[in-house]
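A.B. asks: Following is a predicted model, sequence given first.
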Amino acid sequence: MACVATAMVSCKSSGAAKAEATGADAPALEVPAFSTDSAMSYLKAQTDLGPRVPGTKAHKECGDYLVERLTTWGADTVIEQNVTVKAWNGDELPLRNILARFNSDAPGDPILLLAHWDSRPWADAETDATKAKQPIDGANDGASGVAVLMEIARMAGEHGSIMPVDILLVDGEDYGSPGNSGGDETTWCLGTQAWLETSPYNNSRRPRYAILLDMVGGKGARFHREVVSNAYARDIVDMVWSTAASIGLGDRFVNTQGGAVVDDHLFINRYGIPAIDIIENYNESTGSFNPTWHTHDDTYENIDPSTISDTGRLISYLTIKRK
């Protein structure tokens, strides 16, 4: 993903989604506990393989691992989309998008939870030019969101969910053109763009809304309302942030506007599904992303389990069946 200096101006109302965004009004029953230890183990399993750059051995092994786990945990179906796309620099990328569906037979439209599982092939935020050409571990930028959603998938398989839940792990998000400004926004989120071209939602019920998790494991991270999310899906942002406050996470989910981000949610919104991005976008020291962003400090050792825990607790509250 990349920062952008201003909000997108071609926006549409998310009013139609408002009546469907009922997570904050769910019965005050006990939600099965989100296991931070489990989520951290899924995060480590990804980073132990090395950088998950499309076309590498680590990338294939990680994709196999994710599919195997989702299938074992009882997804109703696991759909894979394998597609080759051309990156901005001419590289041919074999991408693999993975969609796991839970509680598909329940009434109503599903909600879509997603994260990108690839990692950045360059450390272009490094000051050392030789290091800048090397791929990063992507512990926070990629693996953290996937780790949270993998634990949500395990919980959905074991306990059920309060609505149909689709979990989408998208590929090729982080192959965009270097530069903090983001350059051409279409060079990013290649997997999501490819997935939307042949989405299963073209011929079946669409999600009522989508929540993207990206960089949700930074030390001391606080999640401000992201600009593009506010522009396209303010009702969903309102619901999610008010839910966070209601369960004691108001300090983590700060109810003020932060920065704007080119990320997978942008293209999902343009497709017609209201989508928001939970992402650290207004770090106190950088004014944007976590200091480890696109550097070789984005490692497992620099992940904050409490950030993972709070994010997982919120998503489980919104989705997992109460006892």
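C.D. replies: Received, thanks.

A.B. asks: For the stretch 101-250 of the chain, which segments count as strands?
C.D. replies: All strands of the stretch 101-250 of the chain, identified by DSSP state E, counting those that start in this stretch, fall at 111-116, 165-170, 210-214, 223-225.

A.B. asks: what would these look like in CSV with mean pLDDT, distance to A244 and mean neighbour count?
C.D. replies: C-beta: built from backbone N, CA, C; applies to glycine. Shown next, in CSV, are the strands of the stretch 101-250 of the chain (pLDDT from 0 to 100; distance: least, Cβ to Cβ, whole Å; neighbours: other Cβ atoms under 10 Å):
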stretch, mean pLDDT, distance to A244, mean neighbour count
strand 111-116, 98, 15, 26
strand 165-170, 98, 19, 27
strand 210-214, 98, 12, 26
strand 223-225, 98, 8, 23
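
A.B. asks: Out of those, the one nearest W195 is which?
C.D. replies: Of all those, it is strand 165-170 that lies closest to W195, at 6.3 Å by Cβ to Cβ.

A.B. asks: now that closest one against strand 111-116, angle please.
C.D. replies: 20 degrees (axes from the mean of the first three to the mean of the last three Cα atoms, to 10 degrees).

A.B. asks: so where's the stretch 1-150 of the chain uncertain?
C.D. replies: 3-29 (pLDDT under 70).

A.B. asks: circling back: of the strands of the stretch 101-250 of the chain, which approaches M239 most closely?
C.D. replies: strand 210-214 (10.2 Å).

A.B. asks: got a list of contacts for that closest one?
C.D. replies: Residues outside strand 210-214 that contact it (Cβ atoms under 8 Å, 6 or more residues apart in numbering) are 1, 111-116, 141-142, 144-145, 148-149, 173, 236, 240, 261, 263-265, 268, 273-279, 311, 315, 318.

A.B. asks: repeat that for 6 Å
C.D. replies: Here strand 210-214 makes contact (Cβ atoms under 6 Å, 6 or more residues apart in numbering) with 112-115, 145, 148, 263-265, 268, 273, 275-279.

A.B. asks: Put the alpha carbons of stretch 276-283 into PDB.
C.D. replies: Provided in PDB are the C-alpha atoms of stretch 276-283 (Å, rounded to 0.1, in the frame of the first residue of the first chain):
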ATOM      1  CA  ILE A 276     -13.000   0.100   5.000                       C
ATOM      2  CA  ASP A 277      -9.300  -0.200   5.900                       C
ATOM      3  CA  ILE A 278      -8.100  -0.900   9.500                       C
ATOM      4  CA  ILE A 279      -4.500   0.300   9.100                       C
ATOM      5  CA  GLU A 280      -2.000   2.300  11.100                       C
ATOM      6  CA  ASN A 281      -2.000   5.400   9.000                       C
ATOM      7  CA  TYR A 282      -1.100   8.200  11.300                       C
ATOM      8  CA  ASN A 283       1.900   7.100  13.400                       C
END
